[in-house]
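In: return a 3D structure for these sequence lines:
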Amino acid sequence: MLVWIVGSLLVIGSAVVLAVVSPVVVRFHYVRRQGTDRFTVDFRGFWGTLRRTWVLPGHDALGTAVETAMDTARRLDERRNGQTVGDREGDGPAIGRATGPWQTYLESGRRLAGLWKTHGEMRRAIRRFFQNVTIRTWRTRVRVGTGEAASTGMLVGVFWSFFYVAAAGLGRVMRLNRPEARVDPDFHRRILEVEVEGIAQFRAGQAIRAGVVMAIVLWKEGLLWRSTPFKI
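Out: Model prediction:
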């Protein structure tokens, strides 16, 4: 009987150790084409035996913000050239029109930002976790155009600046391998196509430790069991 108990404890202990040290690979892929957004996250753990995929419902929030910036750049170019500028019907969406799932994510982000400021233990746990995350792959491809050369060039510069800032920021908190980015201007039409893909890897034990601390904080704030609009 004692042999069976000791054997069972050894098996359970070995399984726990293997689960803690097992690598977790997260693949993310965002695509925006023809006015449609799609964000997919593929999760693989325990050496590929555990798999899960989440799909974020497409929405026009990114397109709304960028297309508004495109309209602003075009209007500035028209003013520079002495052309008359007027707001035409349907000339571009307003940021305030963005509704649906993205509003939920923005509100959740504001709440988490507040928790980040007030809970030091959560900050330390998340920072330690990020320091052990390796982004093995990060590729970004963008095609953007406003129909005018000057304003298109301005937006291309904005996108490149964003990529450099994002890469520098991620490189400070994570282990970031060489990121790749490409921005193609289209001077003849209004277009916005974006594709971002990447692979991140970390140990399950590191995620569990940070997740426990964060779950305790969220539970104290009454936010732990709130539903999210992810599709599985």
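In: in a helix, that's where residue 205 is, yeah?
Out: Yes: membership of residue 205 in a helix is supported by DSSP: H, G, I helix; E, B strand; the rest coil.
In: once you drop chain neighbours, what's closest to it?
Out: In this structure, residue 205 finds its nearest non-sequential neighbour in residue 20, 3.5 Å apart by CB to CB, 6 or more residues apart in numbering. For the C-beta atoms, the positions are set from N, CA and C on the backbone; glycine is no exception.
In: for residue 146, the count of nearby residues, please.
Out: For residue 146, the neighbour count with other CB atoms under 10 Å is 26.
In: gap between it and residue 9?
Out: The gap separating residue 146 from residue 9 is 67 Å, by CB to CB, to the nearest Å.
In: which stretches of this structure form strands?
Out: Secondary structure of the chain (DSSP state E): strands at 23-33, 36-45, 50-56, 134-146, 175-176, 180-185, 190-203.
In: in JSON lines: those strands, plus mean pLDDT.
Out: Shown next, in JSON lines, are these (pLDDT from 0 to 100):
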{"stretch": "strand 23-33", "mean pLDDT": "89"}
{"stretch": "strand 36-45", "mean pLDDT": "86"}
{"stretch": "strand 50-56", "mean pLDDT": "84"}
{"stretch": "strand 134-146", "mean pLDDT": "92"}
{"stretch": "strand 175-176", "mean pLDDT": "90"}
{"stretch": "strand 180-185", "mean pLDDT": "93"}
{"stretch": "strand 190-203", "mean pLDDT": "91"}
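In: of all the ones you listed, which lies closest to residue 110?
Out: strand 50-56 (18.4 Å; CB to CB).
In: quick one: that closest one to strand 36-45, angle?
Out: In terms of direction (axes from the mean of the first three to the mean of the last three CA atoms, to 10 degrees), strand 50-56 departs from strand 36-45 by 160 degrees.
In: list the buried ones in strand 50-56?
Out: Across strand 50-56, burial judged by 16 or more other CB atoms under 10 Å covers residue 56.
In: with stretch 118-137 instead?
Out: 119, 122, 125-126, 129-130, 133, 135.
In: return the item of the residues you listed having minimum pLDDT.
Out: Within the set of these, pLDDT is lowest for residue 119 (77).
In: quick one: the helices in this protein?
Out: In the chain, helices defined by DSSP state H lie at 2-21, 61-80, 101-118, 120-131, 149-173, 204-221, listed in chain order.
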